[in-house]
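Enquirer: Here's my sequence, what's the structure:
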Amino acid sequence: ADPSCVMFPMTTTTTSSSSFSLSCRAPRRRHPCRRDDGNLSSRPSTTTYGKKKKKVHEGGDDSGDDSSGPGAVSAQKKLTPKERRALAKQQKAEEQQARLDAIEAAAEARKKPCDDVNVVMWTLSLATSFQKATDRQLLRGVPVTEAARALYETQDFVLLSHSLTTPDEDLPPEGPVFNYGNELGQELFQYSWDELMTTSSSKTVKTDNDEAMEARKELMQRMESEDYAEFDGVRVDKEGNEFLIEHGILWNVRAPPKASDNDDEPKEGKRKEAPKGPLIGQAAVFWKWTPQPDGEVVEKAGLPPFQPDE
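Expert: Prediction:
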């Protein structure tokens, strides 16, 4: 017989079930809070399973949450749906108020003297008086609501005025004080708006320039009988630099006439004249000047072209 086919007898060993047993179950995991003695412990475990949880400090603040401020909520406190809606509404209201404050601040930064209601009313008096005195317009094609800003910002001509009335009806010893000057006028005379409002119009002529002083005096006397006059003259800026104005126009600024002024009947054979309101100031406009003694002529666009139907 083939030795490889020799069958060896199988021997079996019987083992007591109390000393050995087979099991297909996996070993049971150790409870994370079980101490070595088998008892459960309330000590927090450092072992985590699944997703890692954020550690919470004793104060209740989430170390992973950097939120702060009135909208931050403690991790230990849960808001009800009603409280969450109220908080969201409050935050939205605060954001809207912040936007409104920013808009107001930007508008205040853009505000100019021509936005003041008193300046607006005076500017309208300038334009109306000029048209009545000269039959010409300072502006054309500009709505009344935009006239004050347009005259203030224009680079076509210099526009200045002084008032002949004060709250106590007494003029300063040095004469009338400026109460208006557009941006081009402030630039030419080198005065800010606030400085111009405290400067006498007589200071635009050098006191040691006898010829210029005399010419200005004659012009002022002429305006007592006329409502406007053309003029040339030497003026001086804040720093003492002189310049020659050419083809300027000076006119009287008048308040609207009273209703009683319209009741006067014209004399026989004469045409009824339009009533004149009380004299409240004088204004000047010009757009051509030459720095002295040897400067180059500066000429701006000037007034709108004259039209006979004005």
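Enquirer: Look up the closest residue to residue 152, ignoring the ones flanking it.
Expert: residue 114 (3.7 Å; CB to CB, 6 or more residues apart in numbering). Yep, even glycine has a C-beta here, placed from its N, CA and C like the rest.
Enquirer: Give the residue spans of the chain that score low on pLDDT.
Expert: Residues of the chain meeting the criterion pLDDT under 70: 1-77, 166-172, 259-274, 306-310.
Enquirer: Could you point out the longest strand of it?
Expert: The single longest strand within the chain, with elements called by DSSP state E, is strand 242-254.
Enquirer: Could I get the full set of strands for the protein?
Expert: Per DSSP E, the chain carries strands over the ranges 158-163, 178-181, 228-236, 242-254, 279-286, 288-291, 298-299.
Enquirer: residues touching residue 302, list them.
Expert: Taking CB atoms under 8 Å, 6 or more residues apart in numbering as the criterion, residue 302 is in contact with 156-157, 287-288.
Enquirer: Considering those, which is situated nearest to residue 124?
Expert: Compare each of the contacts of residue 302 with residue 124 using CB to CB and the shortest gap goes to residue 157, at 17.5 Å.
Enquirer: show me what contacts that closest one?
Expert: Shown in contact with residue 157 (CB under 8 Å, 6+ apart): 184, 285-287, 300-303.
Enquirer: Same check on residue 245?
Expert: Contacts here follow CB under 8 Å, 6+ apart; on that basis residue 245 touches 231-235, 286, 288-289.
Enquirer: State the pair within those residues that is farthest apart.
Expert: 234 and 288, at 13.5 Å, using CB to CB across the contacts of residue 245.
Enquirer: These two: which is more packed in?
Expert: residue 234 (20 against 17; other CB atoms under 10 Å).
Enquirer: what's the neighbour count on the closest residue in space to the more buried one that isn't next to it in sequence?
Expert: Nearest residue to residue 234, sequence neighbours excluded (CB to CB, 6+ apart): residue 212, at 4.4 Å. Using other CB under 10 Å, the number of residues around residue 212 comes to 19.
Enquirer: List the residues that contact residue 212.
Expert: Shown in contact with residue 212 (CB under 8 Å, 6+ apart): 205-206, 233-235.
Enquirer: Widest-spaced pair of these?
Expert: Longest distance between any two of these is 11.4 Å, between 206 and 233; criterion CB to CB.
Enquirer: what's the burial count for the closest residue to residue 232 other than its chain neighbours?
Expert: Using CB to CB, 6+ apart and skipping residues adjacent in sequence, the residue nearest residue 232 is residue 246, 5.3 Å away. Neighbour count of residue 246, defined by other CB under 10 Å: 15.
Enquirer: what sits against residue 246?
Expert: Contacts for residue 246 (CB under 8 Å, 6+ apart) come out as 232, 286, 288-290.
Enquirer: give the contact list for residue 162.
Expert: Residue 162 neighbours (CB under 8 Å, 6+ apart): 175-179, 200-201, 281-283.
Enquirer: re earlier: can you select the buried ones from the contacts of residue 157 in ChimeraX?
Expert: To isolate the buried ones among these in ChimeraX, judged by 16 or more other CB atoms under 10 Å, type:
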select :184,285,286,287,303
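Enquirer: Let me have the contacts of residue 157 in CSV, extended by distance to residue 137.
Expert: Converted to CSV, those look like this (distance: CB to CB, whole Å):
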residue, distance to residue 137
184, 18
285, 11
286, 16
287, 14
300, 16
301, 14
302, 12
303, 7
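Enquirer: Next step: the contacts of residue 157 restricted to helices.
Expert: Within the contacts of residue 157, residues falling in helices by DSSP state H are residue 184.
Enquirer: I'd like to know which of the contacts of residue 157 is nearest to residue 140.
Expert: Distance to residue 140, by CB to CB, is smallest for residue 303 among those, at 8.9 Å.
Enquirer: From what I see, the closest one and residue 134 are in contact.
Expert: No. At 9.3 Å, residue 303 does not count as touching residue 134 under the criterion of CB atoms under 8 Å.
Enquirer: burial measure for residue 281, as a count.
Expert: Neighbours of residue 281 using other CB under 10 Å come to 21.
Enquirer: out of everything not next to it in sequence, what's closest to it?
Expert: Nearest non-adjacent residue to residue 281, counting by CB to CB, 6+ apart: residue 253, 4.0 Å away.
Enquirer: The one you found reaches residue 280, doesn't it?
Expert: Yes. If you go by CB under 8 Å, residue 253 and residue 280 touch, sitting 5.6 Å apart.
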